[in-house]
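# Structure for this input, please:
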Amino acid sequence: MPFGLRQNLAKALGSPSDVTETVAAEMRRKSARELVLMREACATLDAAVVAMRAAQRAARGMTDVVLAGERVAQRRGAQDIRSLFGPGGTLGPFLVPVAAPADPLQVYVAVRHAGYWAEGFAVLATSAQPTAAQARAVLDEAIGLARPGTPHRALARRVAATIGAGRRHPVTRETFGGSIGLALPQPGCLTETSDGRFAAGETYTVRVGMTDSSGSAIVSAMVAITDGGRDVLWAGGDS
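Down below sits the predicted model:
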């Protein structure tokens with residue numbers, strides 16, 4: 001709004017209380033319609049990653065792999081797309097075109113559909129990736145902990161303990177995901193010191209990153225918290 005109008009409203013209202021936490025809580029809880037839109041965003045995310053995986057297995061260059069996914073997302077009506085990629089578990093943005101293929105190729109994709117965000121990390125490879133498989137097993141365990149009333153820190157501490165301090169991927173060293181929807185990210189992070197709790201109607205991205213002598217990998221999932229547990233909206237982090 002115009003600055004002058006805002007000043008007049010501020011004077012008329014006096015000193016209103018800070019409603020940041022109230023707004024954050026409302027952003028985290030999704031209505032039935034919002035959950036439909038989140039599912040649609042996750043479907044677009046999935047289509048993009050499927051296209052990237054197909055392009056990578058066809059030995060396309062790294063830039064072409066990522067563009068293949070972005071084009072699919074655009075055709076599905078994505079309002080915004082953000083991608084990072086790199087070989088060997090590294091991640092970086094587009095700086096210059098990279099014609100060389102990579103196997104494995106780590107990718108990150110975030111898409112905004114009808115105002116709602118979905119994001120995912122995936123390892124694209126033509127052969128088995130032990131580190132990615134281990135990260136996937138830890139992710140599956142973490143997803144099982146996402147239920148109403150569970151503290152965020154309980155999930156984060158379980159993931160951290162399972163991975164071990166020496167195997168944490170730099171990208172996921174401090175946080176293992178968080179609330180997602182109208183913002184990327186929303187307030188509510190999955191950290192070892194978080195004082196938040198999962199609640200029905202919320203949606204989260206959950207990430208696990210690992211690095212060891214055999215390689216590096218980051219995988220993730222999108223989940224919706226339900227009254228009885230959780231519903232996995234996207235789990236395309238398999239290699």
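# Please count neighbours and contacts with C-alpha atoms only from this point.
OK.
# what about the chain, any weak spots by pLDDT?
15-26, 237-239 (pLDDT under 70).
# can you give me the strands for the protein?
Using DSSP state E, the strands of the chain run over 80-87, 105-113, 116-124, 177-179, 203-212, 215-226, 229-234.
# between those strands, which one is nearest to Arg153?
strand 177-179 (11.1 Å; CA to CA).
# So which elements touch the closest one?
Applying 3 or more CA pairs under 8 Å, 6 or more residues apart in numbering; DSSP states H and E, one finds that strand 177-179 contacts strand 203-212.
# returning to what we had before: format the strands of the chain as CSV; extra columns: mean neighbour count and distance to Ala137.
Listed next are the strands of the chain as CSV, based on neighbours: other CA atoms under 10 Å; distance: least, CA to CA, whole Å:
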stretch, mean neighbour count, distance to Ala137
strand 80-87, 18, 22
strand 105-113, 25, 17
strand 116-124, 27, 14
strand 177-179, 23, 16
strand 203-212, 26, 9
strand 215-226, 25, 10
strand 229-234, 19, 15
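# Quick one: residues contacting the closest residue to Arg60 other than its chain neighbours.
Closest residue to Arg60 apart from its sequence neighbours, by CA to CA, 6 or more residues apart in numbering: Pro101 at 5.6 Å. Going by CA atoms under 8 Å, 6 or more residues apart in numbering, Pro101 touches Gln56, Ala59, Arg60, Gly61, Met62.
# Recalculate using a threshold of 10 Å.
Shown in contact with Pro101 (CA atoms under 10 Å, 6 or more residues apart in numbering): Ala55, Gln56, Arg57, Ala58, Ala59, Arg60, Gly61, Met62, Thr63, Asp64, Val65, Pro87.
# hang on, isn't the third one packed against Val123?
No: Arg57 lies out of contact with Val123 (CA atoms under 10 Å); the separation is 11.7 Å.
# Give me the common contacts of these two.
Asp103, Pro104.
# which other helices and strands contact the top helix by length along the chain?
When the chain is parsed with DSSP state H, its longest helix is helix 32-57. Judged by 3 or more CA pairs under 10 Å, 6 or more residues apart in numbering; DSSP states H and E, the packing partners of helix 32-57 are helix 62-75, strand 105-113, strand 116-124, strand 215-226, strand 229-234.
# rerun that using 7 Å as the cut-off
helix 62-75, strand 105-113, strand 116-124, strand 229-234 (3 or more CA pairs under 7 Å, 6 or more residues apart in numbering; DSSP states H and E).
# so what's the most centrally placed residue in the chain closest to, chain neighbours aside?
In the chain, the C-alpha nearest the mean C-alpha coordinate belongs to Glu119, at 3.7 Å (CA atoms, centre = their mean). Leaving out its chain neighbours, the residue that sits closest to Glu119 by CA to CA, 6+ apart is Ala110, at 4.1 Å.
# May I have the beta-bridge partners of Arg168?
Under the criterion DSSP bridges, Arg168 forms beta bridges with Met210.
# and it, what is it in contact with?
Counting by CA atoms under 7 Å, 6 or more residues apart in numbering, Arg168 touches Gly209, Met210, Thr211.
# Out of these, which is nearest to Gly228?
Checking the contacts of Arg168 against Gly228 with CA to CA, the nearest one is Gly209 at 27.6 Å.
# got the contact list for the residue lying closest to that closest one once chain neighbours are set aside?
The spatial neighbour of Gly209 that comes closest, neighbours along the chain excluded (CA to CA, 6+ apart), is Ile218 at 4.1 Å. Ile218 is in contact with Phe121, Ala122, Val123, Arg207, Val208, Gly209, Met210, counting by CA under 7 Å, 6+ apart.
# Tabulate these in JSON lines, adding columns for distance to Arg136.
What follows is the contacts of Ile218, written out as JSON lines (distance: CA to CA, whole Å):
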{"residue": "Phe121", "distance to Arg136": "11"}
{"residue": "Ala122", "distance to Arg136": "10"}
{"residue": "Val123", "distance to Arg136": "10"}
{"residue": "Arg207", "distance to Arg136": "9"}
{"residue": "Val208", "distance to Arg136": "8"}
{"residue": "Gly209", "distance to Arg136": "9"}
{"residue": "Met210", "distance to Arg136": "10"}
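# Alright, that wraps it up for me.
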